[in-house]
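Colleague: Prediction below, plus the sequence it came from.
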Amino acid sequence: MTASGGMASAARTGVLGGRGVKWFLLSLALGPWWVRHASAQAAAGDTLRLTAAVAAARGANPMLLAARLSADAAAERVPQAGALPDPQLAFGLVNRMLPNFGADEPMTMNELRLTQMLPWPGKLGFGKRRAEHLARAGALEAVDAEVRLVSRVKSVYAEVGYIDRAIAIMDRTRGLLRDFFQVSQTMYAVGEGLQQDVLQAQVAVARMTEDIVVMQQERLAMAARLNALMGRGASEPVGPLELAGPGDTLPGVDSLMARAAGARPALQAAYERARAADAGYRAARRELYPDFMVQLAYGQRPQFDDMATIMVGITIPLWAGARQLPMRREMAAMRAGEDAMVRDLYNETFAELTERRAQAERARSLAGLYESSILPQARAAVEAALSAYRVGRVNYMTLVESEMTVNRYEIELVRLAAAYHQAAAGIEALLGGEGGAR
């Protein structure tokens, strides 16, 4: 509406003069105010539920599939590590006379020889034990990959849910600012307002539009990330998302850590790798001991009686200084390194639980404060500004600023809800799976 249009309208109706304009403004302001704070949860048929997003990620995420296949590969190494070396079977034409390659001499024979290497007792046993621990570690790491994926899906899901609600809040606020802009034009047209108010109202609407555009682009990016986690194309549409309020108070850090120490898959996998390194060290200590070799041979002599041969031999660790002893030191270093990694992961788990719980509790406490105190006071400030404007004690930009304050607090409230669920999802992952944070 232009200024001239507002004047013409006022002239036609005969009701917009002086205090009539202010009542007109009051009616426009109160309408969006009550609409704004009505429930914005639409029961859309294409809503993407959190359970559906998690199920899709578990079934189609490529990295989770790779982790599972890696665990399957590690399990197949167990029987290999405990198996004897393949026997060697050889056939030879022994002691043939030249130049006619004849077979008429007593030492001429057709020989069949079978050779089997037998490692020193304990080498295969510890090697198999090491492979078993590594296989269990691989299986646990696949579980941890799934747990971390679920946590990531929940975190991104909460972020998109926050963006959806923030956009809705800003859109309703922009509608209110547009009403204010229309009122400022009308007041200016009848001589009750300033041109500066009109310009400021235009700027307020433009800035809110800018914020909405930024959030919409952020929504596209986060939706693409959620699609990637679910194993879908980045351009697949993502419908409205759920976002509940913050939950109850979480258990104490010590209680959470006690549960994480016994249930976190990554920590259990680290224990298994430490046990594997210990088995590898024990096997390396036996590398100095000789392996046995058993040979069985049968010789067929065409002109004479057949012959049989049995031989037993051992390997000689002649180059132990360059092979077996460095191997032993290597495995000792690996064992110490795995032990250190276990301690580090344990400490990191404790620290991350502490951090995540602090984040969740901060978000829960602040959300309660916003709902019980800050937002009601901010809304009361808007109502007070409306009343003051009605009697001419404040200008309408004071009303706009009060409404923008409510807008910021409402957005912050949904951001805190998302932050709580993101922190709870992180705790859940550290505790080994769904339900762990409750």
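Modeller: Thanks, I have the structure now. These numbers were taken from a predicted model, which means no experiment stands behind them.

Colleague: host element of residue 206?
Modeller: If you go by DSSP states H and E, residue 206 is part of helix 195-229.

Colleague: three-state assignment of residue 309?
Modeller: For residue 309, the secondary-structure state derived from DSSP: H, G, I helix; E, B strand; the rest coil is strand.

Colleague: In a strand, residue 158, correct?
Modeller: No - when the secondary structure is assigned by three-state DSSP, residue 158 falls in helix instead of a strand.

Colleague: who's in contact with it?
Modeller: For residue 158, the residues meeting the contact criterion (Cβ atoms under 8 Å, 6 or more residues apart in numbering) are 243, 417-418, 421-422, 425. Every residue, glycine included, has its C-beta placed from N, CA and C.

Colleague: Confirm that residue 318 sits in a strand.
Modeller: No - under three-state DSSP, residue 318 falls outside any strand and is assigned coil.

Colleague: re earlier: only the buried residues of the helix holding residue 206, if you could.
Modeller: Of all the residues in helix 195-229, those buried under the rule 16 or more other Cβ atoms under 10 Å are 197-198, 200-201, 204-205, 208, 211-212, 215, 219, 222-229.

Colleague: where exactly do the strands run in the stretch 151-300 of the chain?
Modeller: Residue ranges of the strands in the stretch 151-300 of the chain, as given by DSSP state E, counting those that start in this stretch, are 292-300.

Colleague: How many residues are close by residue 408?
Modeller: Residues contacting residue 408 under the criterion other Cβ atoms under 10 Å number 12.

Colleague: any idea which helix or strand carries it?
Modeller: In this structure, residue 408 is located in helix 396-430 according to DSSP H and E.

Colleague: ok, back up a step: of the contacts of residue 158 - the most surrounded one?
Modeller: When neighbours are counted by other Cβ under 10 Å, residue 421 leads the contacts of residue 158 with 27 neighbours.

Colleague: That one contacts residue 154, doesn't it?
Modeller: Yes - using Cβ atoms under 8 Å, residue 421 is in contact with residue 154, at 6.6 Å.

Colleague: looking only at pLDDT, what's the mean for the helix holding residue 206?
Modeller: Model confidence over helix 195-229 averages 86 on the pLDDT scale.

Colleague: Check which helices and strands it sits against.
Modeller: Applying 3 or more Cβ pairs under 8 Å, 6 or more residues apart in numbering; DSSP states H and E, we find helix 195-229 packed against helix 50-60, helix 123-189, helix 396-430.

Colleague: can those go into JSON lines with extra columns for mean pLDDT?
Modeller: Supplementary listing: the helices and strands packed on helix 195-229 in JSON lines, determined by pLDDT from 0 to 100:
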{"stretch": "helix 50-60", "mean pLDDT": "93"}
{"stretch": "helix 123-189", "mean pLDDT": "90"}
{"stretch": "helix 396-430", "mean pLDDT": "90"}
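
Colleague: which residues in the stretch 1-150 of the chain form strands?
Modeller: Along the stretch 1-150 of the chain, the segments classed as strands by DSSP E, counting those that start in this stretch run 88-94, 109-118.

Colleague: so how far is the first one from its chain's centroid?
Modeller: Computed by Cα atoms, centre = their mean, to the nearest Å, the chain-centroid distance of strand 88-94 equals 59 Å.

Colleague: got it, and stretch 99-115?
Modeller: Between the mean C-alpha position of stretch 99-115 and that of its chain there is a distance of 69 Å (Cα atoms, centre = their mean).

Colleague: now stretch 123-137
Modeller: 30 Å.

Colleague: got a list of contacts for it?
Modeller: Contacts of stretch 123-137 from elsewhere in the structure, counted by Cβ under 8 Å, 6+ apart, are 71, 74-75, 77-78, 80-84, 269-270, 272-273, 275-277, 279-280, 282-283, 286-287, 289, 291.

Colleague: Quick check: PyMOL command selecting the buried ones in those residues.
Modeller: Taking 16+ other Cβ under 10 Å as the burial criterion, the selection of buried members of those in PyMOL is written as:
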select buried, resi 71+74+75+77+78+81+269+270+272+273+275+276+277+279+280+282+283+286+287+291
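
Colleague: Helices - which of the contacts of stretch 123-137 land there?
Modeller: Helix and strand membership here follows DSSP state H; of the contacts of stretch 123-137, those in helices are 71, 74-75, 77-78, 80-82, 269-270, 272-273, 275-277, 279-280, 282-283.

Colleague: got the contact list for the residue most central in space within the chain?
Modeller: The central residue of the chain, meaning the one whose C-alpha is nearest the mean C-alpha position (Cα atoms, centre = their mean), is residue 152 at 2.6 Å. Contacts for residue 152 (Cβ under 8 Å, 6+ apart) come out as 229, 425.

Colleague: try 6 Å
Modeller: When contacts are counted by Cβ atoms under 6 Å, 6 or more residues apart in numbering, residue 152 is found next to residue 229.

Colleague: For the stretch 1-150 of the chain, give me the ranges with low pLDDT.
Modeller: Within the stretch 1-150 of the chain, the stretches falling below the threshold (pLDDT under 70) are 1-45, 103.

Colleague: So, low pLDDT: which residues of the stretch 201-350 of the chain?
Modeller: When the per-residue scores of the stretch 201-350 of the chain are filtered using pLDDT under 70, no range remains.

Colleague: For residue 408, see how far away residue 381 is.
Modeller: With distances defined as Cβ to Cβ, to the nearest Å, the gap from residue 381 to residue 408 amounts to 12 Å.

Colleague: no, scratch that, I was asking about residue 63
Modeller: Residue 63 sits at a distance of 38 Å from residue 408 (criterion: Cβ to Cβ).

Colleague: now residue 254
Modeller: Counting by Cβ to Cβ, the gap from residue 254 to residue 408 is 37 Å.

Colleague: cool, and residue 282?
Modeller: When distance is defined by Cβ to Cβ, residue 282 is 63 Å away from residue 408.

Colleague: What of residue 374?
Modeller: Counting by Cβ to Cβ, the separation of residue 374 from residue 408 is 10 Å.

Colleague: does the closest residue to residue 256 other than its chain neighbours belong to a helix or a strand, and which?
Modeller: Distance criterion Cβ to Cβ, 6 or more residues apart in numbering; nearest residue to residue 256, sequence neighbours excluded, is residue 353 at 5.0 Å. When elements are assigned from DSSP H and E, residue 353 belongs to helix 324-369.

Colleague: Quick one: distance of the next helix or strand after that helix to the chain centre.
Modeller: Next in sequence after helix 324-369, counting helices and strands by DSSP H and E, comes helix 375-390. Centroid separation between helix 375-390 and its chain, computed with Cα atoms, centre = their mean, is 43 Å.
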